[in-house]
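*Asks:* Okay, predicted coordinates and the sequence, questions at the end:
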Amino acid sequence: MFSYRHAFHAGNHADVLKHTVLIATLDHLLEKEAALTVVDTHAGAGLYRLDGDYAGTSGEAAEGILRLLSEKKAPAAPAPAAKSAAKKASAPEADAPLADAIARYLSVIHDFNPKGGARIYPGSPFIVQHLLRDHDKLKLFELHPTDARTLDANIAQLEAGRQIAVLREDGFGSATKFLPPPSRRALVLMDPSYEIKSDYGRVLDFAAEALKRFATGTYAIWYPIIPRPEAHDLPRRLKTLATKAGKPWLHATLTVKSSKLITKETGETQRPGLPASGMFLINPPYTLKPLLAAALPQLVERLAQDRHAAFSLDAGG
Ligand code: SAM
């Protein structure tokens, strides 16, 4: 445990999806004046340098936020016969305006990089804090000793006083203590590292317990789409949970490449790196689906690494 450091992955395609959804969700929730509490059960370090040692090692941001900023588009690929609800992006339209949710995400990244580019990449705690109003609250959980220290130091610079609490506690185990918050309005972001198989089951248990305590909260769960039964089952089980609780849900996925093993010239095989990820929301804002319907095809178009790039968008309840 604890080999995962988000600094290696900051700004990758999964962060692009997750943070685009997070911002679109928050924008809607913040339209109402009543105080909002945001609980980030797996916060990470808060801020990342994309020109730093960690980010440079894997270069994942190059295929995520940096590629999006460069406005490069993937070459149009012939769409293989669709087997599932997954959709290929239609051929790139050269001058199509950027979808609102992507433009908004990029504007937030720009706020952290006023000179342009994305040398600084804000993690979820800083994105949320940037958008919150003075009377809203933010609860951050982070267990990794180094990342928790960095998060503490990063948050201290904001001089946000009692608006933000950093807890070195198990987000799965204790974040429900903030539910329901006094204003009865909350967004819970669950973004575990899924380093251990049991994380998938713990996400589900957390969501079940959270819904029992606070059925009207908005829950946003990120998960990796990898060839592992638990990863495959998680959205299905979340859908069942939401449906049984009579709550609306939304499920969005972004695939940037094939998950097949790569065979090198030497004959050795290599894992392709994270090919896809998903966001599952319970009680999503009604505005989210149309925003993502416009944004996801453009994310596929701009972040595709091969002809397997695709998205899916489903909602129910
Ligand atoms: N949400 C962050 C963002 O969007 O910028 C990234 C979070 S990263 C994917 C997951 C984080 O969860 C890691 O920093 C890891 O150390 C932390 N973590 C792992 N298990 C945890 C637990 N049980 N409780 C709280 N944090 C945990």
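*Replies:* Alright, I've got the coordinates. These numbers were taken from a predicted model, which means no experiment stands behind them.

*Asks:* residue ranges with poor pLDDT in the stretch 151-300 of the chain?
*Replies:* Of all residues in the stretch 151-300 of the chain, none has pLDDT under 70.

*Asks:* what does it put close to the ligand?
*Replies:* Within the stretch 151-300 of the chain, the residues that sit near the ligand (Cβ under 6 Å from any ligand atom) are 170-172, 191-193. The C-beta positions use only the backbone N, C-alpha and C, and glycine is treated the same way.

*Asks:* Pull up the per-residue confidence for whatever residue of the stretch 51-200 of the chain ends up closest to the ligand.
*Replies:* Going by Cβ to the nearest ligand atom, the ligand is nearest to residue 123 of the stretch 51-200 of the chain, at 2.7 Å. The confidence metric pLDDT takes the value 98 at residue 123.

*Asks:* go on, the one 4 residues further on?
*Replies:* The per-residue pLDDT reported for residue 127 equals 98.

*Asks:* what's it sitting at in phi/psi?
*Replies:* Main-chain torsions, residue 127, degrees, to the nearest 10: phi -60, psi -50.

*Asks:* just to revisit the earlier point, so which of the residues of the stretch 151-300 of the chain next to the ligand sit within helices?
*Replies:* Mapping these onto helices (DSSP state H) picks out 171-172.

*Asks:* Name only those of the residues of the stretch 151-300 of the chain next to the ligand that count as buried.
*Replies:* Neighbour-count burial (16 or more other Cβ atoms under 10 Å) applied to those gives 171-172, 191-193.

*Asks:* will you turn those into TSV that also has distance to residue 261?
*Replies:* Converted to TSV, these look like this (distance: Cβ to Cβ, whole Å):
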residue	distance to residue 261
171	32
172	31
191	27
192	25
193	22
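
*Asks:* Distance of residue 282 relative to residue 25?
*Replies:* 11 Å (Cβ to Cβ, to the nearest Å).

*Asks:* State the distance from the residue with the largest distance to the centre of the chain to residue 100.
*Replies:* Residue farthest from the centre of the chain, counting by Cα atoms, centre = their mean, is residue 266 at 35.7 Å. Distance from residue 266 to residue 100, counting by Cβ to Cβ: 46 Å.

*Asks:* With residue 65 instead?
*Replies:* Residue 65 is 18 Å from residue 100, by Cβ to Cβ.

*Asks:* So which residues of the stretch 51-200 of the chain form helices?
*Replies:* Under the criterion DSSP state H, counting those that start in this stretch, the stretch 51-200 of the chain contains helices at 53-58, 65-70, 100-112, 124-131, 145-156, 171-174, 198-213.

*Asks:* Reformat these as a markdown table; add distance to residue 35.
*Replies:* Output for the helices of the stretch 51-200 of the chain, formatted as a markdown table (distance: least, Cβ to Cβ, whole Å):
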| stretch | distance to residue 35 |
| --- | --- |
| helix 53-58 | 35 |
| helix 65-70 | 30 |
| helix 100-112 | 21 |
| helix 124-131 | 14 |
| helix 145-156 | 19 |
| helix 171-174 | 21 |
| helix 198-213 | 18 |
